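Q: task: produce atomic coordinates for the following.
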Amino acid sequence: MPRKLRLGRLGFAATVAALLGLLALPASAAAPPPGSLDPSWGGGTGYVTGSTSYPGVQGLVMQGSKVVVVGGDVYSHNGDFVVSRYNKDGSPDTSFGGTGTVETDFGDRVDLASGVALQGNKIVVVGYTCSDDSFTECQFAVARYLKNGTLDASFNGTGQVMTSFGDGQDFADAVLVKSNKITVAGYADGDFALAQYQSSGALNTAFDSDGLVTTDFDGGFDAANAIASQGSFLVVAGYANHPDPDFALARYESDGDLDTAFGGGTGKVETDFDGGADAGHSVDVKGKSIVVVGSATVGHQQFAAARYDKNGNLDPSFNGTGTATMDVGSDAVAFDGTLAGGKVVAVGQTCFSCLPGNEFGVARWNSNGTPDSGFGTNGFVTTPVGGDDSGASAVAVASGKIVVGGYSDDFFAIARYIG
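A: So this is what the prediction gives:
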């Protein structure tokens, strides 16, 4: 209900004059609608791009009012972890590493940072390190930084840890910090893989006796892309391939065992959308709801979301089936998502098969699984950030703003939208 005007001592004529003055304000004074780029970010453009060429932002977290993004350069023979921090207006935070950006080398190897979380005022970054750029022998890589961007020597003595599940390809993609434990999710030789560390950087041997867990779904290639907590449980999402990939979800007890109360006694759930290739890329848990965001092939690749109840059953109150897609007319893939205010936000790349020509894509569904018509055009926004080729891969929602990280012509790119 509109607030009633109180005439008080202004009198009727003065009040009418004040109202006419409000009506005469320029259109630019009106609040931008949801889905619009935030003009208070990036000097009025709503986005910023990095000054150094990297493939793009792979992970993003809010540190107070500041934005921390991570990635790296796997195209060079000796790529490093890259961590950048931005002020609330989008300018580089020079209190972080002197320039706003820190690079970390794990030796004469190819390194890429893919996930980030906070541990108090410290920054935990995970990814992988490979012996060469053919990626035949790779390990989980973890680094922890102090607030000023220096490596935290109390973490393994160097601020860095490398972990192998055996000879082969081990790639970390996401991290969760809870109860002073650091749990990293990814894949090892084609299975879901988890590694859990003490705050000191040592593997937590209370987690499956050696700190390492792998999970196979159906004998095919499986990969974990995201991790969240649900009470004392760990919820991990990704995809399982048999023969076409489907959304895959697993829930673990605190000791690393699969939770047999989840997924009908298996601890695992798979979701197929329309018989094509589907992949979960993020997971978020709010209350009793678990939401996985990714892509589904329904005619062509589309943004996709699935909502589950606490036991892993699809929730029919979400679009009638527990699943929803958003068709924007061309291939589009969502690489991250979150729950905010009961709504599902997804970010990714539009026209996925078009190079150059990709754009940031941001979607929002209502809590019932229908597109949010008050957000962009029927729930979807596309943004050509910076150059001719751009895409989004990470998101956080804070203070009513949607912060999105990705790339623009091989540069870091961060956009902020009105949420």
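
Q: rest of the way, CA atoms for contacts and neighbours
A: Fine.

Q: any weak-confidence spans in this structure?
A: Low-confidence segments of the chain, defined by pLDDT under 70: 1-29, 51-54, 73-78, 352-357.

Q: that one: helices as residue ranges?
A: Secondary structure of the chain (DSSP state H): helices at 11-23.

Q: check contacts around the nearest residue to Leu203 once chain neighbours are set aside.
A: If you skip the residues right next to it in sequence, Leu203 has Tyr197 as its closest partner in space, 4.3 Å away by C-alpha to C-alpha, 6 or more residues apart in numbering. Applying C-alpha atoms under 8 Å, 6 or more residues apart in numbering to Tyr197 gives the contacts 181-183, 203-204, 211.

Q: looking at the residues you listed, which is nearest Asn368?
A: Sorting the contacts of Tyr197 by distance to Asn368 puts Thr183 at the head of the list, at 31.5 Å, by C-alpha to C-alpha.

Q: which residues does that closest one bridge with?
A: Counting by DSSP bridges, Thr183 is bridged to Leu176, Gln196.

Q: which residues does it contact?
A: 175-177, 194-197.

Q: and the gap between it and Ala279?
A: Noted for Thr183: a distance of 22 Å to Ala279, by C-alpha to C-alpha, to the nearest Å.

Q: stretch 392-401: which residues count as buried?
A: Of all the residues in stretch 392-401, those buried under the rule 16 or more other C-alpha atoms under 10 Å are 392-397, 401.

Q: will you turn the residues you listed into JSON lines that also has distance to Gly71?
A: JSON lines is the format used below for the buried residues of stretch 392-401 (distance: C-alpha to C-alpha, whole Å):
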{"residue": "Ala392", "distance to Gly71": "13"}
{"residue": "Ser393", "distance to Gly71": "11"}
{"residue": "Ala394", "distance to Gly71": "11"}
{"residue": "Val395", "distance to Gly71": "14"}
{"residue": "Ala396", "distance to Gly71": "16"}
{"residue": "Val397", "distance to Gly71": "20"}
{"residue": "Lys401", "distance to Gly71": "22"}
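
Q: can you pick out the most distant pair from the residues you listed?
A: Considering C-alpha to C-alpha, no two members of the buried residues of stretch 392-401 lie farther apart than Ser393 and Lys401, which are separated by 16.6 Å.

Q: now do the strands in the stretch 1-150 of the chain.
A: For the stretch 1-150 of the chain, strands defined by DSSP state E, counting those that start in this stretch occupy the ranges 47-53, 57-63, 66-72, 81-86, 101-104, 110-119, 122-130, 138-145.
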